[in-house]
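Enquirer: Let's see this in three dimensions:
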Amino acid sequence: MRKYIKPIIIFAQYVLLLLMISPVLRAQENNVLSTPAAYESYKLGSLWQQSTNAAGSLIDNPVQFSELNAGYKLVNGSFHRPQEEAKGSSIFIDTEGSIKLKKAYVWGRFKYSRDEKKDVTYNSSIIDPFRGMPYYVADSLPANWSNQRYDLQFRVATPKLRNVISLGLEGSYKAYLGAKQRDPRTENYFYTLELKPGIVYSPNDKHNIGLNLKYASLKEESEMSQENRNVDPVYYELYGLGTAVKGLGSGRTTNYVGNEIGGGLQYNYRGAINLLFGANYSAKVEDVEISFSTPRDDSSTKDQIWNTNLTLYTNGKEYTHYLKLDYQDRSIDGIQYVTKYDNTEGWQSLYKSIRSTYKTKTAKALYTLMANRDEEYNWRVDAGVNYEKKNDTYILPYSVKNAENIAFSLGGKKNFVLSDKLTKRLLVGAGVAYNKNLSGEYNYNGQHSDYSVVKYFEQTDLNYLISDYYTVNCSAVYSQRYNEITNANVFAKFNFSYSKTSDFDFSNRTRAEFSIGLNF
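Expert: Residues are numbered from 1 along each chain as shown. Prediction:
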């Protein structure tokens with residue numbers, strides 16, 4: 001697994017270099033994204049950039065730009081899920097850019113972060129316990145995790161061939177490294193490669209029909225160990241909703257291997273209203289093997305996602321309107337194996353069956369109103385609603401965990417002109433959100449109901465999912481041109497959010513982020 005990490009780091013350096021020197025590759029031009037408000041306006045109106053089909057990128061009439069952003073994040077507070085850190089910090093670098101090479105369009109992004117997570121419980125063997133994999137090792141002792149994340153993305157789109165056909169390719173390569181710092185400790189390596197080839201048929205300037213395919217490959221290695229041989233820690237091999245096998249000592253070595261296929265359809269109408277409809281489907285199968293030397297089939301997941309979305313955008317002389325509706329249905333089947341060991345052939349799988357299911361349905365709506373000012377905006381208002389219903393079941397013995405929530409949000413931003421000299425701007429924002437729980441329960445009917453993964457882990461997780469809470473946030477961005485000669489724009493950002501609940505034993509959660517950067 002380690003052989004995959006070095007190539008991505010080297011490749012990331014080349015991507016970062018390309019994004020930084022992209023202004024040299026393109027003709028000198030005015031920086032139309034010279035302010036943060038202009039950048040937000042551009043992103044909002046780039047509907048094909050928000051889709052899963054890179055072939056339609058040129059339909060958005062994209063501009064050429066480069067942006068580099070680096071900063072620091074903090075999180076703290078008791079209102080979190082059990083597998084999340086009680087507090088943590090992160091340093092990050094985020095660079096993005098696009099260029100036009102002759103008539104083709106190329107976009108790329110590289111993100112890196114180093115995350116320090118403090119007092120994490122009930123996760124001993126997987127970097128991201130929320131990615132849809134229920135089969136991992138957990139223990140109740142608070143521990144620190146040290147993670148690194150490398151994330152590369154690119155999009156390439158051709159000009160129209162024969163004036164009606166556009167081709168495109170989107171890809172991403174992610175490599176994560178994680179290490180738990182307390183027994184039973186673990187060292188993890190994760191990578192995923194994703195490719196999305198696409199095509200768009202444009203019979204005229206108003207109608208565009210797109211099709212894209214998707215393939216992804218995933219792998220994560222988890223190698224657990226024990227340094228303090230005087231005390232054997234207790235751990236649990238999780239099989240869903242509290243069902244677990246209790247162990248003692250150094251844990252296990254686990255190999256996750258997955259493949260995903262899918263596709264999407266798009267229809268775009270460009271007239272007085274810019275409309276984009278998308279429908280996507282994907283199916284992923286991920287296998288879990290125990291041990292590298294004598295591998296044993298332990299479990300698998302079959303993860304299916306249906307998604308439909310509709311985006312409407314109008315950009316008038318005075319106001320811009322944006323509306324996005326999104327619905328997603330995700331269903332995960334948890335499969336367990338019955339195996340036996342053969343002295344000659346090793347572990348043999350005798351039988352497998354679906355033992356658990358995990359279903360999540362979400363519906364979202366977001367409306368944005370912006371008062372235009374040249375290529376940027378004077379102010380904007382955002383209003384949203386988010387509905388989510390989770391329904392998890394362990395089939396036999398029958399256990400359930402479900403939660404239904406609806407959340408409302410309202411926010412706004414004001415773009416102050418401090419000076420036209422050097423294009424000095426101050427963009428400030430504030431918002432509020434409220435989450436209302438509609439229903440929820442956890443009912444465990446399996447063996448060993450006294451295990452801590454039942455009494456504390458699953459029950460505390462449900463308590464979080466059914467809590468009512470509110471969140472307030474504020475942000476500020478100062479920006480100006482570096483000097484009167486260059487088009488480079490420098491900026492400093494600050495974001496802060498505070499979540500509060502009065503339910504159960506939770507209290508609050510604060511998040512803060514500060515970063516500096518430039519675009520050109």
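Enquirer: buried set for whichever strand or helix holds Leu438?
Expert: Here Leu438 sits within strand 424-443, counting by DSSP states H and E. Under the neighbour-count criterion of 16 or more other Cβ atoms under 10 Å, strand 424-443 has Arg425, Leu427, Gly429, Gly431, Ala433, Asn435, Asn437, Gly440, Tyr442 buried. For glycine as for every other residue, the C-beta is placed from the backbone atoms N, C-alpha and C.
Enquirer: residues contacting the third one?
Expert: What it means is Gly429. Taking Cβ atoms under 8 Å, 6 or more residues apart in numbering, we find Gly429 in contact with Gly411, Gly412, Lys413, Lys414, Asn473, Cys474, Ser475, Ala476.
Enquirer: quick one: low-confidence parts of the protein?
Expert: The chain contains residues with pLDDT under 70 at 1-32.
Enquirer: Check the gap between the most centrally placed residue in the chain and Asp60 for me.
Expert: The centroid of the chain falls nearest to Arg131 when counting by Cα atoms, centre = their mean (9.3 Å). Remark: distance between Arg131 and Asp60 (Cβ to Cβ, to the nearest Å) = 30 Å.
Enquirer: what's downstream of the helix or strand hosting Ser479, the next helix or strand?
Expert: For Ser479, the element it lies in under DSSP H and E is strand 469-481. Heading C-terminal from strand 469-481, the first helix or strand you meet, by DSSP H and E, is strand 489-501.
Enquirer: Parallel or antiparallel, list what pairs with the longest strand anywhere in the chain.
Expert: In the chain, assigned by DSSP state E, the strand with the most residues is strand 346-373. According to DSSP bridges, strand 346-373 forms sheet pairs with strand 319-342 (antiparallel), strand 376-394 (antiparallel).
Enquirer: residues touching the nearest residue to Pro203 once chain neighbours are set aside, list them.
Expert: Leaving aside its chain neighbours, Pro203 sits nearest to Val164 (6.4 Å; criterion: Cβ to Cβ, 6 or more residues apart in numbering). Residues counted as contacts of Val164 (Cβ under 8 Å, 6+ apart) are Tyr201, Ser202, Pro203.
Enquirer: which among those end up buried?
Expert: By 16+ other Cβ under 10 Å, these give Ser202 as buried.
Enquirer: Please flag which of the contacts of Val164 sit within strands.
Expert: Tyr201.
Enquirer: Any chance of the contacts of Val164 in a markdown table with distance to Tyr112 as columns?
Expert: Listed next are the contacts of Val164 as a markdown table, based on distance: Cβ to Cβ, whole Å:
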| residue | distance to Tyr112 |
| --- | --- |
| Tyr201 | 38 |
| Ser202 | 37 |
| Pro203 | 43 |
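Enquirer: Which member of the contacts of Val164 is positioned nearest Ile126?
Expert: The closest of the contacts of Val164 to Ile126 turns out to be Tyr201 (Cβ to Cβ; 41.9 Å).
Enquirer: what sits opposite the closest one in the beta ladder?
Expert: For Tyr201, the beta-bridge partners under DSSP bridges are Ile165, Ile209.
Enquirer: which residues does Tyr367 contact?
Expert: Tyr367 is in contact with His321, Tyr322, Leu323, Asp382, Ala383, Gly384, counting by Cβ under 8 Å, 6+ apart.
Enquirer: Which two among the contacts of Gly429 are spaced furthest apart?
Expert: Between any two of the contacts of Gly429 (Cβ to Cβ), the greatest distance is 14.8 Å, for Lys414 and Asn473.
Enquirer: got the contact list for Gln480?
Expert: By Cβ under 8 Å, 6+ apart, the neighbours of Gln480 are Leu418, Ser419, Leu422, Thr423, Lys424, Arg425, Asn489, Val490, Phe491.
Enquirer: Narrow those to just the buried residues.
Expert: Thr423, Arg425, Asn489, Val490, Phe491.
Enquirer: and of those residues, the nearest to Asp94?
Expert: Once Cβ to Cβ is applied, the member of the buried ones among the contacts of Gln480 that ends up nearest Asp94 is Phe491, at 12.8 Å.
Enquirer: Would you agree the closest one is in contact with Ile516?
Expert: Yes: at 7.1 Å, Phe491 and Ile516 qualify as touching, with contact defined as Cβ atoms under 8 Å.
Enquirer: coming back round to it: which of the contacts of Tyr367 are buried? Put it as a ChimeraX command.
Expert: To isolate the buried ones among these in ChimeraX, judged by 16+ other Cβ under 10 Å, type:
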select :322,323,382,384
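Enquirer: Adding distance to Ser98, write the contacts of Tyr367 out as a markdown table.
Expert: Output for the contacts of Tyr367, formatted as a markdown table (distance: Cβ to Cβ, whole Å):
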| residue | distance to Ser98 |
| --- | --- |
| His321 | 25 |
| Tyr322 | 21 |
| Leu323 | 25 |
| Asp382 | 25 |
| Ala383 | 30 |
| Gly384 | 28 |
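Enquirer: Can you point out the buried residues in stretch 268-275?
Expert: Result for stretch 268-275 [16+ other Cβ under 10 Å]: buried residues Asn268, Arg270, Asn274, Leu275.
Enquirer: So which residues make contact with it?
Expert: 45, 47-48, 56, 59, 205-210, 267, 276-277, 310-315.
Enquirer: Return it as CSV; C-alpha atoms alone will do.
Expert: What follows is stretch 268-275 as a C-alpha-only set of coordinates in CSV (Å, rounded to 0.1, in the frame of the first residue of the first chain):
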residue,chain,number,x,y,z
ASN,A,268,-29.4,21.6,-19.8
TYR,A,269,-31.6,24.4,-21.2
ARG,A,270,-30.0,27.8,-21.6
GLY,A,271,-32.4,30.6,-22.3
ALA,A,272,-33.9,33.3,-20.1
ILE,A,273,-33.4,30.6,-17.4
ASN,A,274,-30.3,28.4,-17.2
LEU,A,275,-31.7,25.0,-16.1
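Enquirer: Provide the strand pairings for the strand holding Ser479, with the direction of each partner.
Expert: When DSSP bridges is applied, strand 469-481 pairs with strand 424-443 (antiparallel), strand 489-501 (antiparallel).
Enquirer: Any chance of a markdown table for the ones you listed, columns distance to Tyr358?
Expert: As requested, the strands paired with strand 469-481 are arranged in a markdown table below (distance: least, Cβ to Cβ, whole Å):
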| stretch | distance to Tyr358 |
| --- | --- |
| strand 424-443 | 14 |
| strand 489-501 | 24 |
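Enquirer: Of all those strands, which one is nearest Gly247?
Expert: When these are compared by Cβ to Cβ, strand 424-443 sits nearest Gly247, at 23.7 Å.
Enquirer: picking up where we left off before, buried residues of the strand holding Ser479, list them for me.
Expert: Buried-residue list, strand 469-481, by 16+ other Cβ under 10 Å: Tyr469, Thr471, Asn473, Ser475, Val477, Tyr478, Ser479, Gln480, Arg481.
Enquirer: just checking, the fifth one touches Lys493?
Expert: Yes: in this structure Val477 lies within contact range of Lys493 using Cβ under 8 Å: 4.9 Å.
Enquirer: joint contacts of those two?
Expert: Pro36.
Enquirer: Across the sheet, point out what pairs with Ala104.
Expert: Where Ala104 sits in a bridge, its partners, by DSSP bridges, are Leu101.
Enquirer: what comes up buried for the helix or strand harbouring Ser90?
Expert: Assigned by DSSP H and E, Ser90 belongs to strand 87-101. Buried residues in strand 87-101, counted by 16+ other Cβ under 10 Å: 87-90, 92-100.
Enquirer: Just the closest of the residues you listed to Tyr135, please.
Expert: Gly88 (24.9 Å).
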